[in-house]
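In: Below are the sequence and a predicted model; questions follow.
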Amino acid sequence: MGQSVSGGLMIVDRFLFETLAHRLRTGFDRALDGAPAWAVKTDRTGGFFLRARPEAVLSDEDVRHFVDALRAWSFDRLGLARVSRPVLDLHAAGARTPVASSGSSGRLVYQYFLTREGAPAAGGGTVLGNEVVDPLFNRLAVFDSRAAHGVAPLEGSPVPAEGRLALTGTIRESGPSLTGSLTLDQAWPGLEPVLRRFFAENQAVVRGHDGLLVVQCRIGPDGRVVDWTVKFDRVVGDGEAWKQALARLEAGFRAATFAAAAGETELVLPLSFGLVPAEEEEAGEEAASGGFGGDRAVLSRMAEVRPRDARLLNSIVSAALRVGDLETAADFAARHALLARGSDKVRGETDPLALAQDHYLTPLKIKHDTEQFRHLRRHGRGGPELDEVLAAYERTLERCAGRGPDERIPVAEVEEETVRAVDGRILYLRPTPRVPGAALSDRWDKREVEDGYLDHSLGIMVIDDFLSPDAWRELLAFCQDSTVWFANRYRNGRLGAFFGEGFNCPLLVQIAEEIRDAFPRVIGRKHPLAQMWGYKYSPVHSSVAPHADFAAVNVNFWITPDEANLDPGQGGLIIYDREAPPEWEFDDYNKNRGRRITTFISETGAKSIEIPYRANRAVIFNSDLFHATAKCHFGERYEDRRMNVTMLYGRRGEAG
Ligand SMILES: [Fe+2]
């Protein structure tokens, strides 16, 4: 999609008041001397430049003013109210960012330039298709994140003060917004039939188009639409069909009857098109807009009208998690899983969305799935139709002999039609309700554990007998039975299962709630659950590269019985006594690209603590600490595979 999308470039010169723009620039100049805040960024294309968190370099308040100004502009001009926190990118001579599609999950990219006034303009422009945007001081450039873009090489002096300096981030939509007399509750009965009818009657157009539309309409006191405009249209597809659909949408609005009110109401409504699977929220991204509670209610209503919009469902999950509403998050995560991963074998979704074109299997993933189907049939689960699936997987596994264990096999190239049809789909989801009473065991004292965490110099706590026997047994069965282990991009056949993709059941929600409430000072309401996942390992697994996570507190627990662990001193977690530097970003602290983390750990002389594997043991630790799964050797049976559950609470930088 990337290459064919034009940039939709918008440029605003003299974007901020001169005084604020100059204050931002001066902050940078003043910070240049020390410059410990900068990290070298590299990307897949071999580009490199410097990046910092703006608040490590500039005044926090100035950056906030910038974001406020940008959000006001963006909502006023485009109807888009969510602006991500920026990063500060510096390209000096020699740095480069080749043109590529970022595949960014934001709708629009913004770049606000703070390049020194009068700096020699030799290169450093933003390249977007045939256009080059000079990175002039106090200039704002905004463009479609799907369009390929890069930075032209800079020539001349490699002095940072002469380089291209930009605050960069993304802009996207939030829910509908109303100003004036009507509230959303009052406007909804008028709006709902318009949307429902439009999406029902324009299925083909809706499915064949991708992107975001924002419409704005003015509703008079008598409830009639006085004025209707398209505020923003970045929908890509067949131009003529789209124009006609827009005309029908306008006609629908103009024929609608809203509630009568004392005065006029202005409605700004973002509508997303395209049934591509939802993009995952960038870890660590934060929208600057407040009022997520309101967002959530609005988004839920939108989902009634757009039940097949995966992006919308994911946005609701995120919004609900941010405000600590686990029930709503779990409800919409389940809806998303059925829409994105469902099959006719599980209730509720017989027409799931297509999977990404490039999904692939590996011999180790095929082996896992084969063993899992065998396990399910052995226990009489999943129905006899699984027999046919199992046979197809067994044949496929045989054909893999001689291939590397992690070799990626595009699913389209798999011979067995049954495998092609069911790969990536939920075929069995074990019903796993809450357990009566508590899911956390009464064998440990919550207050004592929390005190221990707070007293620990690094923030690490180990709890044995973590779950009650009932909860542990049920969770183990959920993880063994449910065919939700879709993420297979890791080495050594490690598999991941995620909240929005089926790793979700009432018991997991119960555990997440009880953990939150057990540690009111460490987690509590201030650090809502941000993400949960499970990992499952191959019997013999080398250690995983050290990394830190994006949360404030990491709760990690092991559920495979001890009998399966053939090397009882091993298989646990290694935690280093070093936190990821605050200015490092997600890719820096989570991925050991260029062995940066490993180098940091050895150069700083970090010491490690090894916590051995033990069934039903939890390790709670500060997410900023570098950590790694130790090498492990577990039994060969399907049920012996090492499994852990991770629950991440809060956001990075908020620990303590
Ligand atoms: Fe981790």
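Out: Arrived safely, thanks for sending.
In: contacts, neighbours, all on C-alpha from now
Out: Fine.
In: Would you mind identifying the next helix or strand past the helix or strand of the chain with the lowest mean pLDDT?
Out: Within the chain, judged by mean pLDDT, DSSP states H and E, the helix or strand with the poorest mean is helix 292-305; its value is a mean of 61. From helix 292-305 onward toward the C-terminus, using DSSP states H and E, the following helix or strand is helix 310-322.
In: Report the inter-axis angle for the helix or strand just after that next one versus helix 310-322.
Out: Scanning forward in sequence from helix 310-322, with DSSP H and E defining helices and strands, the next element found is helix 326-341. Comparing the axes of helix 326-341 and helix 310-322 via axes from the mean of the first three to the mean of the last three CA atoms, to 10 degrees yields an angle of 160 degrees.
In: so what does the helix or strand that helix 326-341 is followed by touch, helix or strand wise?
Out: Following helix 326-341 in sequence order, the next helix or strand is strand 360-361 (DSSP H and E). Applying 3 or more CA pairs under 8 Å, 6 or more residues apart in numbering; DSSP states H and E, we find strand 360-361 packed against strand 409-410.
In: ok now the strand it packs on, how far from the chain's centre?
Out: Relative to its parent chain, strand 409-410 has a centroid offset of 25 Å by CA atoms, centre = their mean, to the nearest Å.
In: Not counting its neighbours along the chain, what's nearest the residue sitting furthest away from the middle of the chain?
Out: For the chain, the C-alpha farthest from the mean C-alpha position belongs to D222; by CA atoms, centre = their mean, that distance is 42.8 Å. What sits nearest to D222 in space, not counting adjacent residues and going by CA to CA, 6 or more residues apart in numbering, is A260, at 4.6 Å.
In: From A251, how far out is the one you found?
Out: Here the distance between A260 and A251 works out to 20 Å (CA to CA, to the nearest Å).
In: Same question for L508.
Out: Counting by CA to CA, the gap from L508 to A251 is 46 Å.
In: what do you get for C505?
Out: To A251, C505 is 43 Å away according to CA to CA.
In: Give me the more crowded residue out of those two.
Out: Remark: of C505 and A251, C505 carries more neighbours, 21 against 14, as counted by other CA atoms under 10 Å.
In: Pull the contacting residues for the more buried one.
Out: By CA atoms under 8 Å, 6 or more residues apart in numbering, the residues touching C505 are 330, 431-433.
In: Now intersect those with the helices, please.
Out: Using DSSP state H, A330 are the members of those that sit in helices.
In: Tell me which two of the contacts of C505 sit farthest apart.
Out: Of all pairs drawn from the contacts of C505, the widest gap by CA to CA lies between A330 and P431 and measures 14.1 Å.
In: any weak-confidence spans in the stretch 101-250 of the chain?
Out: Residue ranges of the stretch 101-250 of the chain with pLDDT under 70: 101-106, 119-121.
In: ok, back up a step: compare A330 and P431 (neighbour count), which wins?
Out: Using other CA under 10 Å as the criterion, A330 and P431 rank with A330 on top: 23 against 13.
In: So the more buried one is in contact with V509, correct?
Out: Yes. At 7.3 Å, A330 and V509 qualify as touching, with contact defined as CA atoms under 8 Å.
In: May I have the beta-bridge partners of the nearest residue to V411 once chain neighbours are set aside?
Out: Nearest in space to V411, with sequence neighbours left out and distances taken as CA to CA, 6+ apart, is Y360 at 4.9 Å. Partner residues in beta bridges with Y360: P410, with DSSP bridges as the criterion.
In: Distance check, the closest residue to E117 other than its chain neighbours against D89.
Out: Leaving out its chain neighbours, the residue that sits closest to E117 by CA to CA, 6+ apart is F137, at 5.7 Å. Distance check for F137 against D89: by CA to CA, it reads 14 Å.
In: now V206
Out: Taken as CA to CA, the spacing of V206 relative to D89 amounts to 37 Å.
In: now swap in A552 and tell me
Out: Counting by CA to CA, the gap between A552 and D89 amounts to 25 Å.
In: which residues in the stretch 501-650 of the chain form helices?
Out: Secondary structure of the stretch 501-650 of the chain, counting by DSSP state H, counting those that start in this stretch: helices at 506-518, 586-590, 596-603.
In: Quick one: work out the angle between the first one and helix 326-341.
Out: What it means is helix 506-518. Using the same axes, to 10 degrees, helix 506-518 lies at 140 degrees relative to helix 326-341.
In: How many residues are close by the spatially closest residue to D464 that is not a sequence neighbour?
Out: In space, not counting the residues next to it along the chain, D464 is nearest to R617; the distance is 4.4 Å by CA to CA, 6+ apart. For R617, the number of neighbouring residues by other CA under 10 Å comes to 21.
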